[in-house]
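Undergrad: mind folding the following:
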Amino acid sequence: MPCNAYISSDQTQRAAVGEKLLDAFGCLEDRSAEVVRCRQPQGSVKVAQRGPGVVVRDVAEIQKAGEQDYWTTTFDMLEALDVTLRTLPPANYLTVSANARDPASGFAVGLCTTGNPKHLNDRWRSLSSAVAAQLQSRLPGTVIDVSPEKTGARDFADSAAIMAGLDLVVSVDTSVAHLAGALDKPCLLLLPGFGTDWRWLRGREDSPWYPRHTLFRSEVDGDWSAAIEAVAARAAELAAES
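TA: Numbers count the residues shown, from 1 in each chain. The predicted structure is shown next:
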């Protein structure tokens, strides 16, 4: 029987709240949650409101709501749902509206080389300007910087609309990569060899969260040379196949 679930993403849970919201919505759709209320949706209101039984609401609406059957936080929800690597929901659990923006014609690559500089591991996960320029010069087709600072995206919905018209996303470990996965976009993901986020596991080139991701890891000392060579080669293969 459907239930009401109140999902809180309190600002005190500083790291990757928006990304975890994207992960969580896919799991809830299979569990018949009648209502999902998000305190800090960060734009997910627009892109996650799909499929029967899942509704996203903001703070003002939550305050007017009645009692809920369950309450949890985004950080605890996957454990509460008993989600394992074998029971992860399928990708493509987010969609965008029909007015998605169409980038330049031809093979289009979205590129994101930096994340939030305040992130504890940003020194290792983001690329220097020199390394980023090297990577961009090696990518095929039209390369579009999809970082919100460059696109002017106000939220995940804006970023999703931009990504909808891309053939490929190349990104470091930031919300852009998670959004690409939720949209089921092919993504070549650059991961630091030191302090890698737990979701990418160890010793794998694939992701159980996002089947169309391919993972490329830097050396432990932060050398990205081999990873960039591999990303450029794979991107060229995908462009030739398109």
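Undergrad: name the residues that touch the longest helix along the chain?
TA: The single longest helix within the chain, with elements called by DSSP state H, is helix 225-241. Helix 225-241 is contacted from outside by 107, 109, 131, 134-135, 138-141, 167-168, 170, 186, 188, 190, 214, 216-219, using Cβ atoms under 8 Å, 6 or more residues apart in numbering. Yep, even glycine has a C-beta here, placed from its N, CA and C like the rest.
Undergrad: what of stretch 206-221?
TA: 23, 85, 88, 91, 124, 177-178, 180-182, 184-194, 196, 199-201, 204-205, 224, 226-227, 230-231, 234.
Undergrad: for PyMOL, what selects the buried ones among the residues you listed?
TA: One line in PyMOL is enough to select the buried ones among the contacts of stretch 206-221; burial here means 16 or more other Cβ atoms under 10 Å:
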select buried, resi 23+88+91+124+177+178+180+181+182+184+185+186+187+188+189+190+191+192+196+200+224+227+230+231+234
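Undergrad: from the contacts of stretch 206-221, which land in strands?
TA: Taking DSSP state E as the definition of strands, the contacts of stretch 206-221 contribute Cys187, Leu188, Leu189, Leu190, Leu191.
Undergrad: could those be laid out in TSV, adding distance to Ile162 and pLDDT?
TA: Shown next, in TSV, are the ones in strands among the contacts of stretch 206-221 (distance: Cβ to Cβ, whole Å; pLDDT from 0 to 100):
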residue	distance to Ile162	pLDDT
Cys187	14	97
Leu188	17	98
Leu189	18	98
Leu190	20	97
Leu191	23	96
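Undergrad: okay, helices next: where are they in the chain?
TA: 17-29, 44-47, 59-64, 74-80, 122-125, 129-138, 148-151, 156-163, 175-182, 225-241.
Undergrad: for those, which has the smallest mean pLDDT value?
TA: Confidence, taken as mean pLDDT, is least for helix 44-47 of the helices of the chain (a mean of 47).
Undergrad: before we move on, back to that, between strand 187-191 and the longest helix of the chain, find me the angle.
TA: Here the directions of helix 225-241 and strand 187-191 differ by 180 degrees (axes from the mean of the first three to the mean of the last three Cα atoms, to 10 degrees).
Undergrad: thinking again about what came up before, filter the contacts of helix 225-241 to the buried ones?
TA: Listed as buried from those are 107, 109, 131, 135, 138-141, 167-168, 170, 186, 188, 190, 214, 216-218; burial here means 16+ other Cβ under 10 Å.
Undergrad: spatially nearest residue to Ala239, not counting backbone neighbours?
TA: Pro140 (3.9 Å; Cβ to Cβ, 6 or more residues apart in numbering).
Undergrad: Gly106 is in contact with that neighbour, correct?
TA: No. If you go by Cβ atoms under 8 Å, Pro140 and Gly106 don't touch, sitting 9.3 Å apart.
Undergrad: for the residue nearest to Ala239, give its distance to Ser147.
TA: Look at Pro140 and Ser147: by Cβ to Cβ, to the nearest Å, they are 20 Å apart.
Undergrad: same thing with Trp200?
TA: Trp200 is 20 Å from Ser147, by Cβ to Cβ.
Undergrad: contacts only, for the closest residue to Trp200 other than its chain neighbours.
TA: The shortest distance from Trp200 to any non-neighbouring residue, by Cβ to Cβ, 6+ apart, is to Leu191 (5.6 Å). Going by Cβ under 8 Å, 6+ apart, Leu191 touches Arg125, Val172, Asp173, Asp197, Trp200, Leu215, Phe216, Arg217, Ser218.
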